[in-house]
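What shape does this take:
(one chain, ligands or ions: 2)
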Amino acid sequence: MLKGQRRTVERVMRGALSALEQQLAAEQQLTHIGSWEWVVGGETVQWSDELFRIYGLEPQSRPITFDFFLSCLHADDRAAVQGQVARALQHGGRFHYPERVFRPDGSMRELDTVGEARRDEQGRVVRLIGTCRDVTEERQRERAIQLYGDVVRNVQIGLTVWRMPAPPVEVGAATLVTSNLAAEQATGVALADAAGRTLAELFPSAAAGALGKLIADVARDGAVRQLEAYRWGDAAAPGRSFAVKAFPVPGDSVGVALEDVSAALRARHIQEAEQSVLEMIAAGAPLPELLDRLVLHIEELAPPAIASILLLDAEGKHVLHGAAPGLPAQYNDAIHGAAIGPRAGSCGTAAYRGEQVIVTDIELDPLWADYRDLARSIGVRACWSRPIIASDGRVLGTFALYYREPREPTAADLELIARAGHVAGLAIQRRQLDDQLRALSVRIEAAREDERSGIAREIHDVLGQELTVVKLDLAWIARRAYGDGEAIRAKVTDLTAAVDRIIQTVRRISAELRPGELDDLGLVPALEWQAFEFEKRTGVPCRVVARLEGARPARPIATALFRIFQETLTNITRHAEASRVDVVLRRDGDHLQLEVRDDGKGISVEAARSPSAIGLLGIRERARALGGTAHIGPIAPRGTQVSVDVPGGGGP
Ligand SMILES: Nc1ncnc2c1ncn2[C@@H]1O[C@H](COP(=O)(O)OP(=O)(O)O)[C@@H](O)[C@H]1O
Ligand SMILES: [Mg+2]
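Ligands and ions are numbered 1, 2, ... in the order given. Model prediction:
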């Protein structure tokens, strides 16, 4: 080869080589792969430009010593990297390790290093060469994907994605793109292999209902929408509620997220039900009304259960009807008065044992042997009962749930029964306390009346008698007055008049304490006498219309009505400015009704309701103590009416 020719070849070769190097550098830059080379024993390591860039340095801006390299490494990775290098130096061959390095600005990069130890002809390791790939972004993506994967696999939120058909096709024609396990559990429909099937096929009632509309709306305008408490109509588990969110997904699709909120919703509803019954208890609502309300609440919360409350009688030996609006009357009547015992159905046994009795199948359970036919006649198959226990441990009754099919309770069912039983217990105890209070107040009132009668009699008979004697003595003195007779006689006449007035006063006080008429002649003459006295005192006519055929009212009733009448007349005198008063006393079945109306200025609604109106409070209390009611209020066109209704018109 000629000299010139050789030079040309060298030039071409050099050019080709440098082109190759440039290409390599460009490739390194594109793929973020740097390379290095270390001649064993050398002070420094040779780095490619891209490796400098990966480390956040200007290409070839400084010598790279092994110590500098180590100082860039994450402290946790140093030992592993040093170990790999040492092994490669000793044994030769290939090595591979991940490493994390810090750039001068403090940011961290993740690198993947692959290297090889090269030997000379004698087999000594003389060079280490390697490539480093910057995998930071790649790893971040992988981690994110893994995280999403975990989230999607593990979330309790059901996810489905539906591809929307082009309008004007119905939303039911939307096809399932993908779903997760939670969606399958939530809907009770197998979705694993259902991709491509339509909404209408998989969830016919949902497609036709609120959910279908929700999906269609989102598909139309792309706005995220939600439903608060959606009941999945096609679900295998009825009665469950879901929070539903529908959102647009790229590719003409709509995502639907479902979260089972049944438990939370149920807890809230139980609380609301408890609250409303507790409020009724606080307001003093009658027990049957209260228990009915409680039972209806529970039935609403636990369909298809039929709830029942039984009360225990005073001896604690028999059950009495409490509330069971969902059970036929014939069944309630048959149970009313049944004895409790060790084999007395679910409730009778629960009351007897003082503990919960769960009968999952009435047909098979020996506890129901005596009641099986009765249960069969109304078509109930399961009955779970729990005793209602007072705070002092007494059994007050039972709370039970009936079902038309054999059934076992869930933990949530048992919790519901326990809570309902607790609330029922509060209501029953409140009622018992009220009854005790009422009985006590009746007894106190009776004792007071007895005391008054005693004093009235004493004043009337003894004091009246003594004064009459004084009067007779005065007359005797008057007849025998001589000498200063005129003056003495005049004095005696004055004294006699004074004694007469005292006798009148004594009679009045005695009568007001306890009118003799009330005990001797009865309620009607006592009212008439009181009305007459009122008229005499005020000049306001007071007419009494009393129709009371049959037996005279019992003494406590007569007394209460009389005292109510007295207070009412006092109020009319003091507040009404009336020109006429009308009184009606009548019997209505076995109730007694007293009505007093005046034509005065009329009581204001505030005064009638005021808790500080002691007189009105007394009127209501007297009626309530007898198990009756009192209403006080203004009437049209003017005036005030007090109407009292008490049970037990007849009496000894
Ligand atoms: N017949 C009536 N007509 C007009 N106002 C009445 C009548 N009865 C009661 N009231 C009003 O109701 C209020 C409460 O009555 P009450 O409790 O008996 O208290 P008191 O008579 O001591 O004021 C009275 O203060 C009065 O304002
Ligand atoms: Mg008064």
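
Count the residues that sit near residue 412.
15 (other C-beta atoms under 10 Å). C-beta: built from backbone N, CA, C; applies to glycine.

ignore the last one, residue 447
10.

what's the pLDDT at residue 631?
On pLDDT, residue 631 comes in at 95.

Report the contact partners of it.
By C-beta atoms under 8 Å, 6 or more residues apart in numbering, the contact list for residue 631 reads 641-644.

what do you get for residue 340?
Contacts of residue 340 by C-beta under 8 Å, 6+ apart are 312, 316-319, 348-349, 351-352.

run the last query once more with 6 Å
Residues near residue 340 by C-beta atoms under 6 Å, 6 or more residues apart in numbering: 348, 351-352.

between these, which is nearest ligand 2?
Using C-beta to the ion, residue 351 is the member of the contacts of residue 340 that sits closest to ligand 2, with 47.6 Å.

Would you mind giving me the ChimeraX syntax to select the buried ones in the contacts of residue 340?
In ChimeraX, this line selects whichever of those come out buried by 16 or more other C-beta atoms under 10 Å:
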select :348,351,352
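
Any idea which residue of the stretch 151-300 of the chain lies closest to ligand 1?
Closest approach between the stretch 151-300 of the chain and ligand 1, counting by C-beta to the nearest ligand atom: residue 284, at 19.5 Å.

Please name the nearest non-neighbouring residue to that residue.
residue 434 (7.3 Å; C-beta to C-beta, 6 or more residues apart in numbering).

and the helix or strand harbouring that neighbour, average pLDDT?
Under the criterion of DSSP states H and E, residue 434 resides in helix 411-457. In this model, helix 411-457 has a mean pLDDT of 88.

Output stretch 308-322 as PDB, nothing but the C-alphas.
Only the C-alpha atoms of stretch 308-322 are listed here, as PDB (Å, rounded to 0.1, in the frame of the first residue of the first chain):
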ATOM      1  CA  SER A 308     -92.900  -7.400  69.300                       C
ATOM      2  CA  ILE A 309     -92.700  -6.200  72.800                       C
ATOM      3  CA  LEU A 310     -94.300  -8.100  75.700                       C
ATOM      4  CA  LEU A 311     -94.600  -6.700  79.200                       C
ATOM      5  CA  LEU A 312     -94.400  -8.800  82.400                       C
ATOM      6  CA  ASP A 313     -97.400  -8.600  84.800                       C
ATOM      7  CA  ALA A 314     -97.000  -7.300  88.400                       C
ATOM      8  CA  GLU A 315     -96.100 -10.700  89.800                       C
ATOM      9  CA  GLY A 316     -93.600 -11.300  87.000                       C
ATOM     10  CA  LYS A 317     -95.300 -14.600  86.100                       C
ATOM     11  CA  HIS A 318     -97.200 -13.800  82.900                       C
ATOM     12  CA  VAL A 319     -96.600 -11.900  79.700                       C
ATOM     13  CA  LEU A 320     -99.000  -9.100  78.700                       C
ATOM     14  CA  HIS A 321     -99.400  -7.500  75.300                       C
ATOM     15  CA  GLY A 322     -97.100  -4.500  74.800                       C
END
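
For the stretch 101-250 of the chain, give me the ranges with low pLDDT.
Filtered on pLDDT under 70, the stretch 101-250 of the chain yields the residue ranges 147-155, 168, 232-239.

ranges for the helices of it?
All helices of the stretch 101-250 of the chain, identified by DSSP state H, counting those that start in this stretch, fall at 136-154, 181-187, 199-202, 204-208, 210-221.

So for whichever residue of the chain sits closest to ligand 2, what's the nearest residue that isn't a sequence neighbour?
At 2.8 Å from ligand 2, residue 615 is the closest residue in the chain, using C-beta to the ion. With C-beta to C-beta, 6+ apart as the measure, residue 567 is the residue that lies nearest to residue 615, at 5.2 Å, once sequence neighbours are left out.

In three-state terms, label the one you found for me.
Assigned by DSSP: H, G, I helix; E, B strand; the rest coil, the conformation of residue 567 is helix.

That one contacts residue 616, correct?
No - assessed by C-beta atoms under 6 Å, residue 567 is found out of contact with residue 616, at 8.3 Å.

roughly how far apart are the residue of the chain closest to ligand 2 and ligand 1?
Plainly put, residue 615 is 2 Å away from ligand 1 if you go by C-beta to the nearest ligand atom, to the nearest Å.

ok, now residue 404?
Going from residue 404 to ligand 1 by C-beta to the nearest ligand atom gives 55 Å.

partners of the residue nearest to residue 588 when sequence neighbours are not counted in the sheet?
Spatial nearest neighbour of residue 588, excluding adjacent residues (C-beta to C-beta, 6+ apart): residue 645 at 7.6 Å. According to DSSP bridges, the partner residues bridging residue 645 are residue 593, residue 629.

Could you report the neighbour count for residue 645?
16.

now residue 341
That count, for residue 341 with other C-beta under 10 Å as the rule, works out to 15.

For the chain, what lies in contact range of ligand 1?
571-572, 574-576, 598, 600-603, 607, 613-616, 640 (C-beta under 6 Å from any ligand atom).

so of those, which ones are in helices?
Using DSSP state H, the subset of these located in helices is 571, 607, 614-616.

Pull stretch 393-407 out as PDB, backbone CA atoms only.
In PDB, the C-alpha atoms belonging to stretch 393-407 read as follows (Å, rounded to 0.1, in the frame of the first residue of the first chain):
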ATOM      1  CA  GLY A 393     -82.200  -6.100  87.400                       C
ATOM      2  CA  ARG A 394     -85.900  -6.900  87.300                       C
ATOM      3  CA  VAL A 395     -87.300  -8.400  84.100                       C
ATOM      4  CA  LEU A 396     -89.800  -5.900  82.700                       C
ATOM      5  CA  GLY A 397     -90.700  -7.800  79.500                       C
ATOM      6  CA  THR A 398     -89.200  -9.000  76.300                       C
ATOM      7  CA  PHE A 399     -88.300  -7.500  72.900                       C
ATOM      8  CA  ALA A 400     -88.500 -10.000  70.000                       C
ATOM      9  CA  LEU A 401     -88.000 -10.100  66.300                       C
ATOM     10  CA  TYR A 402     -90.000 -12.600  64.200                       C
ATOM     11  CA  TYR A 403     -89.300 -13.900  60.700                       C
ATOM     12  CA  ARG A 404     -91.400 -15.800  58.200                       C
ATOM     13  CA  GLU A 405     -88.400 -18.100  57.300                       C
ATOM     14  CA  PRO A 406     -85.900 -20.000  59.500                       C
ATOM     15  CA  ARG A 407     -83.200 -17.500  60.200                       C
END
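
For residue 290, list the residues it contacts.
280, 427.

Can you tell me the element it falls in?
helix 287-301.

Buried residues, that helix. List them.
287, 290-295, 297-299, 301.

what helices or strands is the helix or strand that comes right after that helix leaning on?
Heading C-terminal from helix 287-301, the first helix or strand you meet, by DSSP H and E, is strand 306-312. Applying 3 or more C-beta pairs under 6 Å, 6 or more residues apart in numbering; DSSP states H and E, one finds that strand 306-312 contacts helix 287-301, strand 319-323, strand 395-403.
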